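1. pasting the sequence and the predicted model now:
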Amino acid sequence: MVDRKYRLLFSFTSPRRKPGPKGPSTELKAAIVELKRRNPEFGCVRIAQQISHAFGIEIDKDVVRCVLANHCRPDTDGPSWLTFIGHAKDSLWSVDLFRVESILLRSHRVMLVMDLLTRRIIGFGVEPA
């Protein structure tokens, strides 16, 4: 009896359905993607309004956002940020702003500019706070 219970619980003979709403139909997904392709400046709210006006189907902007996130990936024409920083690493400077207390307990603001490749200080400025 115990074996039968576990066999029924953990057998994968029938496909199990996922709980929750089933989502939009494939035709509706295709219409959303096509509308976005023809009008790239339309946002999720505008696409939802256009679909509900054209087809008479009430659709939420979050459903449109999920469909576009799954089906419309923006083209990556340029380099990634990591590639850009890798090519520009010998000309990158960092700027730090911080506050320092002196021996006489007076506050000073310091701005420090440093070259990231050589780790040399390019310049600094000190102002009383």
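-> Noted; the coordinates are in hand. Numbers count the residues shown, from 1 in each chain.
2. now name the helix or strand holding the residue positioned nearest the centre of the chain.
-> With distances taken as C-alpha atoms, centre = their mean, the residue of the chain nearest its centroid is Ala69 (10.3 Å). Using DSSP states H and E, Ala69 sits in helix 61-71.
3. against which helices or strands is the next helix or strand after that helix packed?
-> Toward the C-terminus, helix 61-71 is succeeded by helix 81-87 as the next helix or strand (DSSP H and E). The helices and strands touching helix 81-87, judged by 3 or more C-beta pairs under 8 Å, 6 or more residues apart in numbering; DSSP states H and E, number zero. Bear in mind the C-beta positions are built from the backbone N, C-alpha and C, glycine included.
4. how far off centre is helix 81-87?
-> The chain centre lies 19 Å from the centre of helix 81-87; the measure is C-alpha atoms, centre = their mean, to the nearest Å.
5. hmm, who's touching that helix?
-> Helix 81-87 has contacts (C-beta atoms under 8 Å, 6 or more residues apart in numbering) with 79, 92.
6. how about 10 Å then?
-> With contacts defined as C-beta atoms under 10 Å, 6 or more residues apart in numbering, helix 81-87 is touched by 78-80, 92, 116.
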